[in-house]
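Asker: predicted coordinates and the sequence they were generated for:
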Amino acid sequence: MLREAALRVTRPRVAVLNAVHAHPHADTDSIIGAVRRELPGVSRQAVYDVLHALTAAGLVRRIEPSGSVARYESRVGDNHHHVVCRSCGLIADVDCAVGAAPCLTASDGRGFSIDEAEVVYWGLCPDCSTAGNS
Ligand SMILES: [Zn+2]
Ligand SMILES: [Zn+2]
């Protein structure tokens, strides 16, 4: 993946990419923890820099639901959406509402050339909604 994106293959980059693959929607701290299990000496700044480079190269997508810290995932390019639990912050992937990205077609695009739509569904996850009902 790194070579395809014309990025030099370094151990921190591989470790960060592995961590994002293994923990979808992880925040930076969890990613640093996972990377350090593989590469104990890596600095926070190094992980930040790698996340930035991977995001810029399109290998990783950064999402930031309001009220949440930035989170990263390796599922990119499909314009999928997210459902976020208001109570515990759990995030899950949601496919486009109808098939393949029709929600990119705004009713009035105001002349913009639109390439992404960001939709966040808010609610309660199954665990939290059960807890609230009991
Ligand atoms: Zn929840
Ligand atoms: Zn996702």
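Answerer: Ah, there it is. Ligands and ions are numbered 1, 2, ... in the order given.
Asker: just the CA atoms of the lowest-mean-pLDDT helix or strand in the chain, as CSV, please.
Answerer: Among the helices and strands of the chain, helix 126-133 carries the lowest confidence by mean pLDDT, DSSP states H and E, at a mean of 84. The C-alpha trace of helix 126-133 is given here as CSV (Å, rounded to 0.1, in the frame of the first residue of the first chain):
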residue,chain,number,x,y,z
PRO,A,126,-27.4,-1.5,21.5
ASP,A,127,-25.6,-1.8,24.8
CYS,A,128,-26.5,1.8,25.8
SER,A,129,-30.1,1.7,24.7
THR,A,130,-30.6,-1.6,26.7
ALA,A,131,-29.0,0.0,29.7
GLY,A,132,-31.3,3.0,29.5
ASN,A,133,-34.4,0.8,29.3
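Asker: residues in contact with that helix?
Answerer: Residues outside helix 126-133 that contact it (Cβ atoms under 8 Å, 6 or more residues apart in numbering) are C85, R86, S87, C88, L90, G123, L124. Where C-beta positions appear, they are placed from N, C-alpha and C, glycine not excepted.
Asker: show me what counts as buried in it.
Answerer: Neighbour-count burial for helix 126-133 flags C128 (criterion: 16 or more other Cβ atoms under 10 Å).
Asker: about what we covered before: now, the contacts of helix 126-133 that are in strands?
Answerer: With DSSP state E as the criterion, strands contain C85, G123 from among the contacts of helix 126-133.
Asker: filter the contacts of helix 126-133 to the buried ones?
Answerer: For those, a burial check counting by 16+ other Cβ under 10 Å picks out C85, L124.
Asker: can you name the two of the contacts of helix 126-133 that sit furthest apart?
Answerer: Maximum pairwise distance among those (Cβ to Cβ): 11.6 Å, between C88 and G123.
Asker: could you pull out the helices for this structure?
Answerer: Per DSSP state H, the chain carries helices over the ranges 11-22, 28-38, 44-56, 126-133.
Asker: many thanks, we can stop here.
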